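*Asks:* sequence and computational prediction follow.
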Amino acid sequence: MFISPAYAQDAAGGATGLVMQFAPLILIFVVFYFILIRPQQKKMKEHREMLLALKRGDRVVTAGGLVATITKVKEGSDEMEAEIAPNVRVTVVRGTIASVIRPTPANDAAPAKS
């Protein structure tokens, strides 16, 4: 008598109504996880593995844009020595390495057509 029919119907649904209120929020979180969070974590893991696999002779690009060749890797330290020009060696921190330059092989397998 004092309760409106709409409120009485909602109160009867109880748990179903609560789940339906939170379903869009849960869906948004799932979409964000698969589109933003998961790929970023994968990229960070690959970069960390790349930094740990650095060795002498690797050509790298630093975060500042310098192209250098690793000349000495100090074990147990984040520092390494890199040569940025002939006889110019600098100490760089492992975390500042942005990428490793891999030499691209020449495509000599295909014979030339004349």
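*Replies:* Yes, it's here. All values reported here derive from a predicted model rather than from experimental measurement. Numbers count the residues shown, from 1 in each chain.

*Asks:* I'd like the average pLDDT over the longest helix seen in the chain.
*Replies:* Longest helix in the chain, counting residues (DSSP state H): helix 15-32. Here helix 15-32 scores 87 as its mean pLDDT.

*Asks:* okay, now the unreliable bits of this protein?
*Replies:* 1-14, 108-114 (pLDDT under 70).

*Asks:* and it, split by domain according to the record?
*Replies:* If you go by automatic domain parsing, the domain ranges for the chain are 5-47, 55-101.

*Asks:* from the ones you listed, which stretch is densest packed?
*Replies:* For these, ranked by mean neighbour count under the definition mean count of other Cβ atoms under 10 Å, the leader is domain 55-101 at a mean of 13. For glycine as for every other residue, the C-beta is placed from the backbone atoms N, C-alpha and C.

*Asks:* follow-up on the earlier one: for N107, find the nearest of the domains of the chain.
*Replies:* Checking the domains of the chain against N107 by Cβ to Cβ gives domain 55-101 as the closest, at 18.4 Å.

*Asks:* much appreciated, bye for now.
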